[in-house]
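Trainee: after the sequence you'll find the predicted model.
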2 protein chains.
Amino acid sequence: MLWERAREPHAHRWSLPGGGLGDDEDVEASIRRQLAEKVDVRQLSHVEQLAVFSNPARVPGPRVVATAFLGLVPSHIDPVVPSDTAWHPVDALPATAFDHEAICRRARSRLASKLSYTNLGFALAPPEFTISALRALYSAALGYKVSATNLQRVLSRRGLLEPTGGTVQPGPSGGRPAALFRFVSGQMRVTDPFAVLRPPSTRSLGS
Amino acid sequence: MLWERAREPHAHRWSLPGGGLGDDEDVEASIRRQLAEKVDVRQLSHVEQLAVFSNPARVPGPRVVATAFLGLVPSHIDPVVPSDTAWHPVDALPATAFDHEAICRRARSRLASKLSYTNLGFALAPPEFTISALRALYSAALGYKVSATNLQRVLSRRGLLEPTGGTVQPGPSGGRPAALFRFVSGQMRVTDPFAVLRPPSTRSLGS
DNA sequence: CAGGTTTTCGCCTAACGGTCGAAAACGTGG
DNA sequence: CCACGTTTTCGACCGTTAGGCGAAAACCTG
(Lines give C-alpha, C1' and ligand atoms only; values in the text may rest on other atoms or scores of the structure.)
Protein backbone atom coordinates (compact mmCIF):
# COMPACT_ATOMS: atom_id res chain seq x y z
CA MET A 1 0.00 0.00 0.00
CA LEU A 2 1.51 3.27 -1.19
CA TRP A 3 0.51 6.90 -1.20
CA GLU A 4 1.41 9.40 -3.85
CA ARG A 5 3.58 12.25 -2.69
CA ALA A 6 2.19 15.70 -3.44
CA ARG A 7 5.24 17.79 -2.56
CA GLU A 8 8.89 17.78 -3.38
CA PRO A 9 11.15 16.01 -3.00
CA HIS A 10 10.05 13.15 -5.17
CA ALA A 11 6.65 14.65 -5.91
CA HIS A 12 4.22 12.29 -7.69
CA ARG A 13 6.24 9.29 -6.72
CA TRP A 14 4.77 6.57 -4.55
CA SER A 15 5.83 6.24 -0.96
CA LEU A 16 5.39 3.89 1.97
CA PRO A 17 3.29 5.20 4.85
CA GLY A 18 5.24 6.32 7.86
CA GLY A 19 6.27 9.26 9.95
CA GLY A 20 8.22 10.54 12.90
CA LEU A 21 8.62 8.70 16.19
CA GLY A 22 6.74 10.27 19.09
CA ASP A 23 8.36 10.96 22.43
CA ASP A 24 6.28 8.47 24.38
CA GLU A 25 5.92 5.58 21.97
CA ASP A 26 8.16 2.85 20.65
CA VAL A 27 8.61 2.20 16.96
CA GLU A 28 5.86 -0.41 16.73
CA ALA A 29 3.33 1.84 18.43
CA SER A 30 4.44 4.57 16.10
CA ILE A 31 3.91 2.64 12.88
CA ARG A 32 0.50 1.47 14.10
CA ARG A 33 -0.41 5.07 14.84
CA GLN A 34 0.85 6.24 11.46
CA LEU A 35 -1.24 3.65 9.69
CA ALA A 36 -4.33 4.46 11.73
CA GLU A 37 -3.90 8.16 11.14
CA LYS A 38 -2.89 8.33 7.53
CA VAL A 39 -4.92 5.46 6.19
CA ASP A 40 -7.59 3.32 7.71
CA VAL A 41 -5.59 0.20 8.35
CA ARG A 42 -6.31 -1.07 11.80
CA GLN A 43 -6.86 -4.74 11.18
CA LEU A 44 -3.25 -5.71 10.81
CA SER A 45 -2.88 -9.45 11.23
CA HIS A 46 0.86 -9.30 11.71
CA VAL A 47 3.46 -6.61 12.27
CA GLU A 48 7.18 -7.18 12.52
CA GLN A 49 10.32 -5.13 12.24
CA LEU A 50 12.12 -5.50 8.97
CA ALA A 51 15.33 -3.51 9.23
CA VAL A 52 16.79 -0.10 9.83
CA PHE A 53 17.58 1.92 6.72
CA SER A 54 20.17 4.48 7.65
CA ASN A 55 22.21 5.44 4.61
CA PRO A 56 23.03 9.13 5.17
CA ALA A 57 21.99 9.93 1.61
CA ARG A 58 18.79 7.94 1.55
CA VAL A 59 16.73 11.12 1.70
CA PRO A 60 17.81 14.62 0.72
CA GLY A 61 18.15 17.21 3.45
CA PRO A 62 18.51 16.44 7.15
CA ARG A 63 19.39 12.92 8.20
CA VAL A 64 16.44 10.51 8.48
CA VAL A 65 16.90 7.02 9.90
CA ALA A 66 13.96 4.75 9.13
CA THR A 67 12.86 1.58 10.88
CA ALA A 68 11.00 -0.38 8.24
CA PHE A 69 8.17 -2.74 9.13
CA LEU A 70 6.42 -5.60 7.42
CA GLY A 71 2.67 -5.35 8.02
CA LEU A 72 0.18 -7.90 6.75
CA VAL A 73 -3.57 -7.65 6.23
CA PRO A 74 -5.76 -10.70 5.59
CA SER A 75 -6.92 -11.07 2.02
CA HIS A 76 -10.61 -10.58 2.86
CA ILE A 77 -9.98 -7.14 4.36
CA ASP A 78 -10.20 -4.30 1.88
CA PRO A 79 -9.67 -1.11 3.88
CA VAL A 80 -10.96 2.11 2.47
CA VAL A 81 -7.96 4.30 1.77
CA PRO A 82 -7.70 8.04 1.10
CA SER A 83 -7.73 9.31 -2.46
CA ASP A 84 -3.94 9.69 -2.60
CA THR A 85 -3.41 6.10 -1.46
CA ALA A 86 -3.73 2.83 -3.36
CA TRP A 87 -2.81 -0.83 -3.28
CA HIS A 88 -0.24 -2.10 -5.72
CA PRO A 89 0.77 -5.67 -6.58
CA VAL A 90 4.19 -6.27 -5.14
CA ASP A 91 5.66 -7.48 -8.41
CA ALA A 92 4.50 -4.44 -10.39
CA LEU A 93 5.35 -1.44 -8.28
CA PRO A 94 5.19 2.08 -9.71
CA ALA A 95 8.06 4.55 -9.40
CA THR A 96 8.75 4.84 -5.70
CA ALA A 97 10.32 7.60 -3.64
CA PHE A 98 13.66 7.41 -1.86
CA ASP A 99 14.77 3.86 -1.05
CA HIS A 100 11.25 2.58 -0.69
CA GLU A 101 11.63 0.09 -3.49
CA ALA A 102 14.50 -1.58 -1.66
CA ILE A 103 12.36 -1.69 1.46
CA CYS A 104 9.57 -3.36 -0.48
CA ARG A 105 11.98 -5.94 -1.84
CA ARG A 106 13.21 -6.74 1.62
CA ALA A 107 9.66 -7.05 2.87
CA ARG A 108 8.73 -9.37 0.06
CA SER A 109 11.77 -11.51 0.64
CA ARG A 110 11.10 -11.71 4.36
CA LEU A 111 7.49 -12.70 3.78
CA ALA A 112 8.47 -15.45 1.36
CA SER A 113 11.01 -16.89 3.77
CA LYS A 114 8.75 -16.81 6.79
CA LEU A 115 5.86 -18.35 4.90
CA SER A 116 8.04 -21.36 4.35
CA TYR A 117 9.55 -22.01 7.74
CA THR A 118 6.95 -20.56 10.13
CA ASN A 119 3.16 -20.57 10.37
CA LEU A 120 2.86 -17.00 9.08
CA GLY A 121 0.27 -18.06 6.52
CA PHE A 122 -2.53 -17.34 8.95
CA ALA A 123 -1.81 -13.63 8.59
CA LEU A 124 -2.72 -13.65 4.92
CA ALA A 125 -5.79 -15.83 5.02
CA PRO A 126 -9.37 -14.97 5.94
CA PRO A 127 -10.99 -16.81 8.86
CA GLU A 128 -12.25 -19.52 6.53
CA PHE A 129 -10.89 -20.41 3.14
CA THR A 130 -10.62 -23.16 0.59
CA ILE A 131 -7.36 -24.85 -0.23
CA SER A 132 -7.46 -23.29 -3.67
CA ALA A 133 -7.75 -19.82 -2.19
CA LEU A 134 -4.89 -20.51 0.21
CA ARG A 135 -2.83 -21.86 -2.64
CA ALA A 136 -3.41 -18.64 -4.57
CA LEU A 137 -2.27 -16.60 -1.57
CA TYR A 138 0.88 -18.64 -1.10
CA SER A 139 1.67 -18.59 -4.80
CA ALA A 140 1.26 -14.84 -4.99
CA ALA A 141 3.38 -14.23 -1.93
CA LEU A 142 6.11 -16.68 -2.90
CA GLY A 143 6.18 -15.79 -6.58
CA TYR A 144 5.80 -19.35 -7.82
CA LYS A 145 3.08 -21.96 -7.98
CA VAL A 146 2.76 -24.33 -5.08
CA SER A 147 0.94 -27.62 -5.19
CA ALA A 148 -2.44 -27.58 -3.48
CA THR A 149 -1.99 -31.18 -2.44
CA ASN A 150 1.38 -30.53 -0.90
CA LEU A 151 0.34 -27.29 0.75
CA GLN A 152 -2.57 -28.93 2.48
CA ARG A 153 -0.48 -31.86 3.63
CA VAL A 154 2.42 -29.80 4.93
CA LEU A 155 0.23 -27.40 6.88
CA SER A 156 -1.95 -30.19 8.21
CA ARG A 157 1.00 -32.24 9.34
CA ARG A 158 2.31 -29.27 11.22
CA GLY A 159 -1.00 -29.05 13.02
CA LEU A 160 -1.88 -25.65 11.62
CA LEU A 161 -4.89 -26.47 9.47
CA GLU A 162 -8.34 -27.62 10.49
CA PRO A 163 -11.46 -28.34 8.40
CA THR A 164 -14.51 -26.32 9.39
CA GLY A 165 -16.94 -28.84 7.89
CA GLY A 166 -18.46 -26.26 5.56
CA THR A 167 -18.15 -26.10 1.82
CA VAL A 168 -18.54 -23.44 -0.83
CA GLN A 169 -20.68 -23.74 -3.92
CA PRO A 170 -18.73 -24.17 -7.15
CA GLY A 171 -18.55 -21.36 -9.67
CA PRO A 172 -20.53 -21.11 -12.92
CA SER A 173 -18.12 -23.43 -14.65
CA GLY A 174 -18.88 -26.28 -12.28
CA GLY A 175 -16.54 -28.40 -10.26
CA ARG A 176 -16.64 -30.22 -6.99
CA PRO A 177 -17.59 -28.03 -4.00
CA ALA A 178 -14.48 -27.01 -2.08
CA ALA A 179 -14.16 -27.77 1.62
CA LEU A 180 -13.51 -24.89 4.00
CA PHE A 181 -10.57 -24.79 6.36
CA ARG A 182 -9.31 -22.53 9.09
CA PHE A 183 -6.04 -22.08 10.89
CA VAL A 184 -6.38 -23.67 14.30
CA SER A 185 -6.78 -21.11 17.04
CA GLY A 186 -3.75 -20.86 19.23
CA GLN A 187 -1.59 -20.94 16.14
CA MET A 188 -2.59 -17.45 15.13
CA ARG A 189 0.72 -15.90 15.94
CA VAL A 190 4.15 -16.60 14.58
CA THR A 191 5.73 -19.56 16.29
CA ASP A 192 9.28 -20.78 16.20
CA PRO A 193 10.63 -21.92 12.87
CA PHE A 194 10.43 -25.57 12.00
CA ALA A 195 14.04 -26.45 12.53
CA VAL A 196 16.30 -29.22 11.42
CA LEU A 197 19.06 -30.41 13.74
CA ARG A 198 16.56 -30.85 16.52
CA PRO A 199 17.43 -31.63 20.10
CA PRO A 200 17.93 -35.34 20.64
CA SER A 201 15.05 -37.68 21.22
CA THR A 202 12.33 -35.21 22.14
CA ARG A 203 10.33 -34.57 19.06
CA SER A 204 9.42 -30.97 19.77
CA LEU A 205 8.97 -28.54 16.92
CA GLY A 206 10.02 -25.37 18.69
CA SER A 207 12.89 -24.50 20.93
CA MET B 1 31.35 -9.62 24.93
CA LEU B 2 30.48 -7.04 27.56
CA TRP B 3 32.21 -4.12 29.19
CA GLU B 4 31.70 -3.01 32.74
CA ARG B 5 30.22 0.44 33.15
CA ALA B 6 32.22 2.78 35.34
CA ARG B 7 29.73 5.63 35.67
CA GLU B 8 26.10 5.98 36.61
CA PRO B 9 23.56 5.08 35.58
CA HIS B 10 23.96 1.38 36.11
CA ALA B 11 27.56 1.65 37.26
CA HIS B 12 29.36 -1.70 37.63
CA ARG B 13 26.82 -3.45 35.49
CA TRP B 14 27.81 -5.08 32.24
CA SER B 15 26.89 -3.49 28.97
CA LEU B 16 26.97 -4.26 25.27
CA PRO B 17 29.44 -2.22 23.21
CA GLY B 18 27.89 0.54 21.16
CA GLY B 19 27.57 4.25 20.75
CA GLY B 20 26.08 7.12 18.83
CA LEU B 21 25.48 7.13 15.10
CA GLY B 22 27.78 9.47 13.17
CA ASP B 23 26.51 11.93 10.62
CA ASP B 24 28.13 10.26 7.63
CA GLU B 25 27.78 6.58 8.40
CA ASP B 26 24.97 4.06 8.40
CA VAL B 27 24.21 1.88 11.41
CA GLU B 28 26.36 -1.04 10.25
CA ALA B 29 29.37 1.18 9.64
CA SER B 30 28.71 2.68 13.05
CA ILE B 31 28.71 -0.58 14.97
CA ARG B 32 31.85 -1.72 13.18
CA ARG B 33 33.50 1.55 14.14
CA GLN B 34 32.35 1.25 17.73
CA LEU B 35 33.79 -2.23 17.99
CA ALA B 36 37.07 -1.21 16.39
CA GLU B 37 37.35 1.80 18.68
CA LYS B 38 36.23 0.46 22.00
CA VAL B 39 37.56 -3.05 21.73
CA ASP B 40 39.81 -4.72 19.25
CA VAL B 41 37.25 -6.71 17.36
CA ARG B 42 37.84 -6.36 13.67
CA GLN B 43 37.61 -9.93 12.47
CA LEU B 44 33.87 -10.22 12.56
CA SER B 45 32.79 -13.18 10.48
CA HIS B 46 29.18 -12.07 10.32
CA VAL B 47 27.20 -8.95 11.20
CA GLU B 48 23.47 -8.56 10.91
CA GLN B 49 20.81 -6.28 12.27
CA LEU B 50 18.82 -7.76 15.10
CA ALA B 51 16.09 -5.27 15.94
CA VAL B 52 15.40 -1.76 17.07
CA PHE B 53 14.87 -1.28 20.79
CA SER B 54 12.91 1.88 21.29
CA ASN B 55 10.96 1.71 24.53
CA PRO B 56 10.92 5.32 25.77
CA ALA B 57 11.93 4.17 29.26
CA ARG B 58 14.67 1.75 28.22
CA VAL B 59 17.33 4.16 29.46
CA PRO B 60 16.94 6.96 32.00
CA GLY B 61 17.25 10.51 30.79
CA PRO B 62 16.92 11.62 27.18
CA ARG B 63 15.42 9.26 24.66
CA VAL B 64 17.81 6.70 23.16
CA VAL B 65 16.73 4.45 20.31
CA ALA B 66 19.11 1.54 19.78
CA THR B 67 19.63 -0.60 16.71
CA ALA B 68 20.92 -3.90 18.04
CA PHE B 69 23.24 -6.10 16.01
CA LEU B 70 24.30 -9.71 16.11
CA GLY B 71 28.03 -9.99 15.50
CA LEU B 72 29.90 -13.28 15.31
CA VAL B 73 33.58 -14.06 15.69
CA PRO B 74 35.08 -17.44 14.72
CA SER B 75 35.97 -19.63 17.65
CA HIS B 76 39.71 -19.59 16.95
CA ILE B 77 39.86 -15.80 17.23
CA ASP B 78 40.54 -14.54 20.72
CA PRO B 79 40.76 -10.76 20.46
CA VAL B 80 42.60 -8.88 23.13
CA VAL B 81 40.10 -6.69 24.93
CA PRO B 82 40.58 -3.73 27.25
CA SER B 83 40.68 -4.30 30.98
CA ASP B 84 37.07 -3.27 31.50
CA THR B 85 35.87 -5.73 28.84
CA ALA B 86 35.42 -9.49 29.01
CA TRP B 87 33.78 -12.43 27.28
CA HIS B 88 30.88 -14.13 29.01
CA PRO B 89 29.13 -17.41 28.18
CA VAL B 90 25.74 -16.56 26.80
CA ASP B 91 23.90 -18.83 29.21
CA ALA B 92 25.55 -17.35 32.31
CA LEU B 93 25.43 -13.60 31.87
CA PRO B 94 26.24 -11.27 34.76
CA ALA B 95 23.96 -8.41 35.78
CA THR B 96 23.51 -6.30 32.66
CA ALA B 97 22.64 -2.66 32.20
CA PHE B 98 19.41 -1.31 30.73
CA ASP B 99 17.66 -3.77 28.43
CA HIS B 100 20.85 -5.43 27.32
CA GLU B 101 19.84 -8.80 28.67
CA ALA B 102 16.77 -8.80 26.44
CA ILE B 103 19.00 -7.89 23.51
CA CYS B 104 21.28 -10.80 24.30
CA ARG B 105 18.33 -13.16 24.46
CA ARG B 106 17.15 -12.00 21.08
CA ALA B 107 20.61 -12.42 19.64
CA ARG B 108 20.92 -15.91 21.01
CA SER B 109 17.54 -16.88 19.67
CA ARG B 110 18.33 -15.47 16.25
CA LEU B 111 21.62 -17.32 16.12
CA ALA B 112 20.00 -20.61 17.04
CA SER B 113 17.33 -20.22 14.37
CA LYS B 114 19.69 -19.23 11.62
CA LEU B 115 22.11 -22.03 12.43
CA SER B 116 19.33 -24.43 11.64
CA TYR B 117 17.88 -23.09 8.42
CA THR B 118 20.83 -21.27 6.84
CA ASN B 119 24.55 -21.94 6.42
CA LEU B 120 25.50 -19.52 9.19
CA GLY B 121 27.69 -22.15 10.84
CA PHE B 122 30.71 -20.96 8.85
CA ALA B 123 30.75 -17.78 10.93
CA LEU B 124 31.46 -19.69 14.13
CA ALA B 125 34.04 -22.14 12.87
CA PRO B 126 37.76 -21.70 12.26
CA PRO B 127 39.11 -22.27 8.74
CA GLU B 128 39.67 -25.94 9.49
CA PHE B 129 38.00 -28.01 12.14
CA THR B 130 37.05 -31.51 13.14
CA ILE B 131 33.48 -32.69 13.26
CA SER B 132 33.75 -32.96 17.02
CA ALA B 133 34.80 -29.33 17.30
CA LEU B 134 31.98 -28.25 15.01
CA ARG B 135 29.56 -30.30 17.01
CA ALA B 136 30.67 -28.54 20.17
CA LEU B 137 30.13 -25.16 18.53
CA TYR B 138 26.66 -26.06 17.33
CA SER B 139 25.73 -27.56 20.67
CA ALA B 140 26.89 -24.49 22.55
CA ALA B 141 25.07 -22.13 20.25
CA LEU B 142 21.87 -24.13 20.12
CA GLY B 143 21.80 -25.05 23.79
CA TYR B 144 21.40 -28.77 23.24
CA LYS B 145 23.51 -31.64 22.02
CA VAL B 146 23.47 -32.43 18.34
CA SER B 147 24.58 -35.70 16.80
CA ALA B 148 27.98 -35.55 15.13
CA THR B 149 26.86 -38.08 12.55
CA ASN B 150 23.77 -36.12 11.69
CA LEU B 151 25.50 -32.78 11.67
CA GLN B 152 28.07 -33.98 9.21
CA ARG B 153 25.49 -35.54 6.95
CA VAL B 154 23.13 -32.57 6.93
CA LEU B 155 25.84 -30.05 6.21
CA SER B 156 27.48 -32.28 3.61
CA ARG B 157 24.22 -32.91 1.82
CA ARG B 158 23.63 -29.20 1.63
CA GLY B 159 27.00 -28.86 -0.06
CA LEU B 160 28.53 -26.75 2.71
CA LEU B 161 31.21 -29.08 4.06
CA GLU B 162 34.39 -30.28 2.45
CA PRO B 163 37.21 -32.52 3.78
CA THR B 164 40.64 -30.93 3.69
CA GLY B 165 42.44 -34.25 3.71
CA GLY B 166 44.34 -33.44 6.88
CA THR B 167 43.92 -34.98 10.30
CA VAL B 168 44.71 -33.99 13.86
CA GLN B 169 46.61 -36.12 16.35
CA PRO B 170 44.48 -37.59 19.13
CA GLY B 171 44.74 -36.32 22.67
CA PRO B 172 46.57 -37.97 25.58
CA SER B 173 43.69 -40.35 26.14
CA GLY B 174 44.01 -41.82 22.65
CA GLY B 175 41.39 -42.25 20.02
CA ARG B 176 41.26 -42.33 16.27
CA PRO B 177 42.73 -39.21 14.59
CA ALA B 178 39.98 -36.85 13.53
CA ALA B 179 39.67 -35.71 9.92
CA LEU B 180 39.72 -32.00 9.18
CA PHE B 181 36.95 -30.22 7.30
CA ARG B 182 36.30 -26.75 5.99
CA PHE B 183 33.29 -24.86 4.78
CA VAL B 184 33.44 -24.72 1.01
CA SER B 185 34.48 -21.32 -0.24
CA GLY B 186 31.69 -19.48 -1.91
CA GLN B 187 29.42 -20.55 0.91
CA MET B 188 31.05 -18.20 3.37
CA ARG B 189 28.16 -15.81 3.53
CA VAL B 190 24.61 -16.36 4.59
CA THR B 191 22.54 -17.82 1.77
CA ASP B 192 18.83 -18.19 1.47
CA PRO B 193 17.12 -20.40 3.97
CA PHE B 194 16.55 -24.02 3.10
CA ALA B 195 12.87 -23.77 2.39
CA VAL B 196 10.05 -26.17 2.34
CA LEU B 197 7.25 -25.61 -0.19
CA ARG B 198 9.74 -25.23 -2.98
CA PRO B 199 8.92 -24.14 -6.49
CA PRO B 200 7.72 -27.03 -8.61
CA SER B 201 10.03 -29.45 -10.33
CA THR B 202 13.31 -27.53 -10.13
CA ARG B 203 15.16 -28.87 -7.18
CA SER B 204 16.94 -25.65 -6.23
CA LEU B 205 17.73 -24.91 -2.64
CA GLY B 206 17.45 -21.12 -2.77
CA SER B 207 14.80 -18.85 -4.13
C1' DC C 1 -27.13 -38.07 -19.52
C1' DA C 2 -22.59 -36.94 -21.78
C1' DG C 3 -18.77 -34.05 -21.34
C1' DG C 4 -16.16 -30.48 -19.03
C1' DT C 5 -14.44 -28.51 -14.62
C1' DT C 6 -12.73 -28.24 -10.08
C1' DT C 7 -11.58 -30.39 -5.91
C1' DT C 8 -10.15 -34.24 -3.09
C1' DC C 9 -7.74 -38.17 -1.93
C1' DG C 10 -4.70 -42.18 -2.06
C1' DC C 11 -0.56 -44.02 -3.67
C1' DC C 12 4.23 -44.05 -4.98
C1' DT C 13 8.86 -42.56 -4.64
C1' DA C 14 12.85 -39.84 -3.37
C1' DA C 15 14.99 -37.38 0.09
C1' DC C 16 15.83 -36.28 4.70
C1' DG C 17 16.87 -36.67 9.55
C1' DG C 18 17.46 -39.46 13.88
C1' DT C 19 19.56 -43.41 15.88
C1' DC C 20 22.42 -47.20 16.63
C1' DG C 21 26.25 -50.07 16.45
C1' DA C 22 30.22 -51.92 14.26
C1' DA C 23 34.72 -50.91 12.65
C1' DA C 24 38.84 -48.03 12.37
C1' DA C 25 42.76 -45.97 14.41
C1' DC C 26 44.93 -44.24 17.94
C1' DG C 27 46.86 -44.12 22.96
C1' DT C 28 48.22 -46.52 27.60
C1' DG C 29 49.51 -49.99 30.96
C1' DG C 30 50.82 -54.48 31.94
C1' DC D 1 53.59 -56.61 22.07
C1' DC D 2 49.14 -57.38 23.38
C1' DA D 3 44.75 -56.47 25.70
C1' DC D 4 41.96 -52.67 26.77
C1' DG D 5 39.94 -48.05 26.76
C1' DT D 6 39.04 -44.00 23.93
C1' DT D 7 37.65 -41.29 20.13
C1' DT D 8 36.27 -40.93 15.52
C1' DT D 9 34.23 -42.65 11.33
C1' DC D 10 31.10 -44.97 8.60
C1' DG D 11 27.40 -47.88 7.07
C1' DA D 12 22.79 -49.44 7.90
C1' DC D 13 18.11 -49.07 9.30
C1' DC D 14 13.83 -46.73 9.77
C1' DG D 15 10.26 -43.41 10.46
C1' DT D 16 8.99 -38.92 8.56
C1' DT D 17 8.51 -35.57 5.07
C1' DA D 18 7.67 -33.62 0.66
C1' DG D 19 6.91 -33.72 -4.37
C1' DG D 20 4.34 -35.76 -8.11
C1' DC D 21 0.72 -38.24 -10.37
C1' DG D 22 -3.64 -39.86 -11.43
C1' DA D 23 -7.99 -41.65 -10.22
C1' DA D 24 -12.26 -40.64 -8.07
C1' DA D 25 -15.66 -37.41 -6.32
C1' DA D 26 -18.92 -33.88 -6.97
C1' DC D 27 -20.53 -30.26 -9.26
C1' DC D 28 -22.02 -27.46 -13.74
C1' DT D 29 -23.87 -26.87 -18.55
C1' DG D 30 -26.11 -28.12 -22.63
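Mentor: Everything's here; your move.
Trainee: what residues does chain A have near chain B?
Mentor: Taking CB under 8 Å from any CB of the partner chain as the criterion, chain A approaches chain B at residues A:21, A:23-27, A:49, A:51-52, A:54-56, A:63, A:65, A:67, A:109, A:112-113, A:115-117, A:138, A:142-147, A:150-151, A:154, A:192-197, A:199-200, A:207. Placement of C-beta: from N, CA and C, glycine included.
Trainee: of these, just the buried ones, PyMOL syntax please.
Mentor: For the buried members of these, the matching PyMOL selection, counting by 16 or more other CB atoms under 10 Å in any protein chain shown, is:
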select buried, chain A and resi 21+26+27+49+51+52+54+55+65+67+112+113+115+116+117+138+142+146+151+154+192+193+194+195+197
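Trainee: enumerate every residue touching A:Trp14.
Mentor: Shown in contact with A:Trp14 (CB atoms under 8 Å, 6 or more residues apart in numbering or on different chains): A:2-5, A:88, A:93-97, A:100.
Trainee: do A:Leu93 as well
Mentor: Neighbour list for A:Leu93: A:2, A:14, A:101, A:104 [criterion: CB under 8 Å, 6+ apart].
Trainee: for the third one, helix, strand, or coil?
Mentor: Read that as A:Glu101. Using DSSP: H, G, I helix; E, B strand; the rest coil, the three-state assignment for A:Glu101 comes out as helix.
Trainee: skip the chain neighbours and tell me the closest residue to it.
Mentor: Leaving aside its sequence neighbours, A:Glu101 sits nearest to A:Leu93 (CB to CB, 6 or more residues apart in numbering or on different chains; 6.3 Å).
Trainee: if I look at that neighbour, how far off is DNA strand C?
Mentor: Taking CB to the nearest atom of the strand, to the nearest Å as the measure, A:Leu93 falls 29 Å from DNA strand C.
Trainee: same check, this time on A:Phe98
Mentor: Here A:Phe98 is placed at a distance of 40 Å from DNA strand C (CB to the nearest atom of the strand).
Trainee: that residue belongs to a helix, doesn't it?
Mentor: No - residue assignment for A:Phe98, taken from three-state DSSP, gives coil, which places it outside any helix.
Trainee: how many neighbours does the spatially closest residue to A:Trp3 that is not a sequence neighbour have?
Mentor: Spatial nearest neighbour of A:Trp3, chain neighbours left out: A:Thr85 (4.2 Å); criterion: CB to CB, 6+ apart. Other residues near A:Thr85 number 19, with proximity taken as other CB atoms under 10 Å in any protein chain shown.
Trainee: for A:Thr85, give me its contacts.
Mentor: For A:Thr85, the contact set (CB under 8 Å, 6+ apart) comprises A:1-4, A:17, A:38-39.
Trainee: A:Lys114 now?
Mentor: A:120, A:190.
Trainee: report pLDDT for it.
Mentor: Predicted confidence (pLDDT) for A:Lys114: 91.
Trainee: in a helix, it, correct?
Mentor: Yes - according to three-state DSSP, the state of A:Lys114 is that of a helix.
Trainee: any low-confidence regions in chain A?
Mentor: When residues are selected by pLDDT under 70, those of chain A lie in A:187-188, A:195, A:200-207.
Trainee: tell me the residues of it that contact DNA strand D?
Mentor: When proximity is defined as CB under 7 Å from any atom of the strand, chain A approaches DNA strand D at A:147, A:149-150, A:153-154, A:157-158, A:169-170, A:172-177, A:194.
Trainee: which of those are buried? Put it as a ChimeraX command.
Mentor: Selection command for ChimeraX covering only the buried members of those, criterion 16+ other CB under 10 Å:
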select /A:154,194
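Trainee: in strands, which of the residues of chain A next to DNA strand D fall?
Mentor: Per DSSP state E, strands hold no members of these.
Trainee: can you show me the helices along chain A?
Mentor: Along chain A, counting by DSSP state H, helices occupy A:27-38, A:100-117, A:131-142, A:148-157.
Trainee: make TSV out of those and add distance to A:Phe183.
Mentor: Shown next, in TSV, are these (distance: least, CB to CB, whole Å):
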stretch	distance to A:Phe183
helix A:27-38	23
helix A:100-117	13
helix A:131-142	10
helix A:148-157	8
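Trainee: A:Val184: which of those helices is closest?
Mentor: The closest of the helices of chain A to A:Val184 is helix A:148-157. By CB to CB, the value is 9.9 Å.
Trainee: how many degrees apart are that closest one and helix A:131-142 in direction?
Mentor: Inter-element angle recorded for helix A:148-157 and helix A:131-142: 90 degrees (by axes from the mean of the first three to the mean of the last three CA atoms, to 10 degrees).
Trainee: tell me what helix A:148-157 is packed against?
Mentor: If contacts are counted by 3 or more CB pairs under 8 Å, 6 or more residues apart in numbering or on different chains; DSSP states H and E, helix A:148-157 sits against helix A:131-142.
Trainee: now chain A against DNA strand C: closest residue?
Mentor: Closest approach between chain A and DNA strand C, counting by CB to the nearest atom of the strand: A:Gly175, at 2.3 Å.
Trainee: please report phi then psi for that residue.
Mentor: A:Gly175 has phi and psi values of phi 110, psi 160 when expressed as degrees, to the nearest 10.
Trainee: centre-most residue in chain A?
Mentor: Among the residues of chain A, the one closest to the centroid is A:Leu72, at 3.2 Å (CA atoms, centre = their mean).
Trainee: how about the contacts made by that residue?
Mentor: Each residue near A:Leu72 by CB under 8 Å, 6+ apart is listed here: A:44-47, A:111, A:120, A:123-124.
Trainee: nearest to DNA strand D among those?
Mentor: Within the set of these, A:Leu120 lies nearest DNA strand D; the separation is 14.6 Å, counting by CB to the nearest atom of the strand.
Trainee: kindly provide the distance from A:Arg176 to A:Pro163.
Mentor: Distance, A:Arg176 to A:Pro163, by CB to CB, to the nearest Å: 15 Å.
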